[in-house]
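>>> the following comprises the amino acid sequence and a computationally predicted model.
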Amino acid sequence: MTVRTRFAPSPTGVLHIGGVRTALFCYLYARRHGGQFVLRIEDTDRERSTQESVDAILDGMAWLGLEHDEGPFFQTQRFDRYREVLDMWLQNGQAYHCYCTREELDARREQQRNAGLKPRYDGRCRDRREAREGVDPVIRFRNPVEGAVRINDAVRGVVTVANAELDDLIIARSDGTPTYNFTVIVDDADMNITHVIRGDDHLSNTPRQINMLHALGVEPPSYAHVPMILGADGSRLSKRHGAVNVLDYRERGFLPEALINYLVRLGWSHGDQEIFSLDDMVSLFDLKDVNAAASTFNPEKLEWLNQHYIQHEHGDRLSELLAAQLEHHGLDPSDGPPLHDVVEAYRDRAVTLRAMAESTAYLFADEIAL
RNA sequence: GAUCCCGUCGGCUAAUGGUUAGGCCGCGAGGCUUUCAACCUCGAAAUGCGAGUUCGAUUCUCGCCGGGAUCACCA
């Protein structure tokens, strides 16, 4: 069976640096095994999904050279298929309508929490037959009550979760649209994904996804949950830790190979080697070398790598990139000194192309403050 | 709170049931350089704690502590 991996971001914001590292691992694993890398846009949340964000994902992936073999697929274009599975499950009893209102659910959750329990749906609509006046029902998956789910994770090892810990999750909202955990498994199954490589935060979703896959009559894929990237304070990397938008790094004058190289070494290593080209990574990457512990984002090391690549990159390409950088700031490269000279003068002292452009700006006739 | 995951220098990490626990970033000192950067040399710096197994644990087991994730009609 040929390896198929997928990167499945939701287009609700910028292309996040953490997401890109996951995408990189998916890409490397597929390439390493001569398989395919699929891009899928998870846009079922129509409120928050934007075209702008879709563009950012495509733009960022292309900039980094992480080319996909199939897609992008959009979940919003697959609603008929989800409906089909929903109807089938409603038919055969693997799913059912639940008429509890949001308010009722919230109240019960609150109670359980106060009682020191894990908040869970109590299954009260499981055997309900009649509709409820004035309530549009959601659809829930009938999760097995007994037994346990065993995940054999490529980086975590064996993780076992009792079904008693799980509840019947909502797979379609009262407006009929399907929800995340459900669309994921339908898509992974339909798209023949063999290896699901994703963030750690999905580990606890995995048991219920496996249960749904079984309900679909499909053998679950292999899983690999990679650790998250943390900010300097130990919490999940976010905007307040600095730039998390991949495209910001392009704007700030980082080379894509530097960012990729930095990211691959976060949670993965190959002996003492620090410098890896994309080809190196493809031939060396293995999930068994991925660390189980979370790692902290370190901007200084990224800068060091960027400078390394600036020092070693051909002058031609650097000149082109520098020209783009200058143009981006409203300067016409032909008004200034020969770019090759600039590159050679600054390649040992500029950490970013942006810095190089700033150092050059004063040489322009119509100087503009960057 | 419940469940699950994680724990080697300040950060990223390597290694092994027995090494002076290695490398990279950063940091400090020195060298080179008119200066800065780059570059070179040297240095400080870690196995969370407590038991157990063992001739010997950083490595295997358990407990503790610490951190994280999840528990949505978000993804």
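That came through, no problem.

>>> which parts of the stretch 201-350 of chain A sit against RNA strand B?
With CB under 7 Å from any atom of the strand as the criterion, the stretch 201-350 of chain A meets RNA strand B at residues A:201-205, A:227-228, A:230, A:234-236, A:265-269, A:271-272, A:274, A:289, A:291-296, A:298, A:300-301, A:303-304, A:307, A:311, A:348-349. For the C-beta atoms, the positions are set from N, CA and C on the backbone; glycine is no exception.

>>> now, those that are in helices?
Counting by DSSP state H, those place A:300-301, A:303-304, A:307, A:311 in helices.

>>> show me which of the residues you listed are buried.
The neighbour count (16 or more other CB atoms under 10 Å) marks A:303, A:307 as buried among those.

>>> mind putting the ones in helices among the residues of the stretch 201-350 of chain A next to RNA strand B into JSON lines with pLDDT?
Formatted as JSON lines, those follow (pLDDT from 0 to 100):
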{"residue": "A:Glu300", "pLDDT": "94"}
{"residue": "A:Lys301", "pLDDT": "96"}
{"residue": "A:Glu303", "pLDDT": "96"}
{"residue": "A:Trp304", "pLDDT": "97"}
{"residue": "A:Gln307", "pLDDT": "96"}
{"residue": "A:Gln311", "pLDDT": "95"}
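
>>> pick the one among the ones in helices among the residues of the stretch 201-350 of chain A next to RNA strand B closest to A:His33.
For those, the residue nearest A:His33 by CB to CB is A:Lys301; the value is 28.9 Å.

>>> which ones are touching that closest one?
A:Tyr262 (CB atoms under 8 Å, 6 or more residues apart in numbering).

>>> before we move on, back to that, buried subset of the residues of the stretch 201-350 of chain A next to RNA strand B as a PyMOL selection?
PyMOL command restricting these to the buried ones, with burial defined by 16+ other CB under 10 Å:
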select buried, chain A and resi 202+203+205+227+228+230+265+266+267+268+294+295+303+307
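
>>> let's see which of the residues of the stretch 201-350 of chain A next to RNA strand B end up in strands.
A:230, A:295-296 (DSSP state E).

>>> pipe those into a markdown table and attach pLDDT per row.
Shown next, in a markdown table, are these (pLDDT from 0 to 100):
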| residue | pLDDT |
| --- | --- |
| A:Leu230 | 92 |
| A:Ser295 | 94 |
| A:Thr296 | 94 |
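
>>> wait, does the longest helix along chain A contact RNA strand B?
Ranked by residue count under DSSP H, the longest helix found in chain A is helix A:17-32. No. Using CB under 7 Å from any atom of the strand, helix A:17-32 stays clear of RNA strand B, with a minimum separation of 9.6 Å.

>>> picking up where we left off before, which of the ones in helices among the residues of the stretch 201-350 of chain A next to RNA strand B lies closest to A:Thr177?
Closest approach between these and A:Thr177, by CB to CB: A:Lys301, at 42.7 Å.

>>> how much space separates that closest one from A:His308?
10 Å (CB to CB, to the nearest Å).

>>> now the end-to-end length of stretch A:243-252.
10 Å (CA to CA, to the nearest Å).

>>> again with stretch A:4-17
Span of stretch A:4-17 from end to end, CA to CA: 22 Å.

>>> which parts of that stretch are buried?
A:4-11, A:13-17.

>>> likewise for stretch A:157-167?
Applying 16+ other CB under 10 Å to stretch A:157-167 flags A:159, A:161, A:163, A:166-167 as buried.

>>> which one of these is nearest to RNA strand B?
A:Val159 (4.4 Å; CB to the nearest atom of the strand).

>>> is the closest one bridged to anything, and to what?
A:Ile151 (DSSP bridges).

>>> state the pLDDT value of it.
Note on A:Val159: pLDDT of 91.

>>> distance of it from A:Ser222?
13 Å.

>>> for A:Glu274, same thing?
Counting by CB to CB, the gap from A:Glu274 to A:Ser222 is 29 Å.

>>> one more: A:Asp45?
For A:Asp45, the distance to A:Ser222 - CB to CB - is 27 Å.

>>> list the residues that contact A:Thr101.
By CB under 8 Å, 6+ apart, the neighbours of A:Thr101 are A:Val135.

>>> how does it look with 10 Å?
A:107, A:132, A:134-136, A:138, A:174 (CB atoms under 10 Å, 6 or more residues apart in numbering).

>>> restricted to helices, list those residues.
Using DSSP H, the contacts of A:Thr101 in helices are A:Ala107.

>>> just flag the most distant two among the contacts of A:Thr101.
Farthest pair in the contacts of A:Thr101, by CB to CB: A:Ala107 and A:Asp136, 19.0 Å.

>>> how about low-confidence regions in chain A?
A:364-370 (pLDDT under 70).

>>> how about the strands in it?
Taking DSSP E as the criterion, chain A carries its strands at A:4-7, A:36-41, A:70-74, A:95-98, A:138-141, A:148-153, A:157-162, A:170-172, A:195-199, A:222-226, A:229-230, A:295-296.

>>> and these, which is most packed in?
Looking across the strands of chain A with neighbours counted as mean count of other CB atoms under 10 Å, the highest average goes to strand A:4-7: a mean of 26.

>>> partner strands of that strand and their direction?
Strand pairing (DSSP bridges) places strand A:4-7 next to strand A:36-41 (parallel).

>>> pull the CA atoms of the partner strand into PDB?
Extracted in PDB, the C-alpha atoms of strand A:36-41 (Å, rounded to 0.1, in the frame of the first residue of the first chain):
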ATOM      1  CA  GLN A  36       1.400  11.100  -1.800                       C
ATOM      2  CA  PHE A  37       0.900  14.200   0.300                       C
ATOM      3  CA  VAL A  38      -2.700  15.500   0.300                       C
ATOM      4  CA  LEU A  39      -3.900  19.000   1.200                       C
ATOM      5  CA  ARG A  40      -7.300  19.300   2.600                       C
ATOM      6  CA  ILE A  41      -9.000  22.500   3.800                       C
END
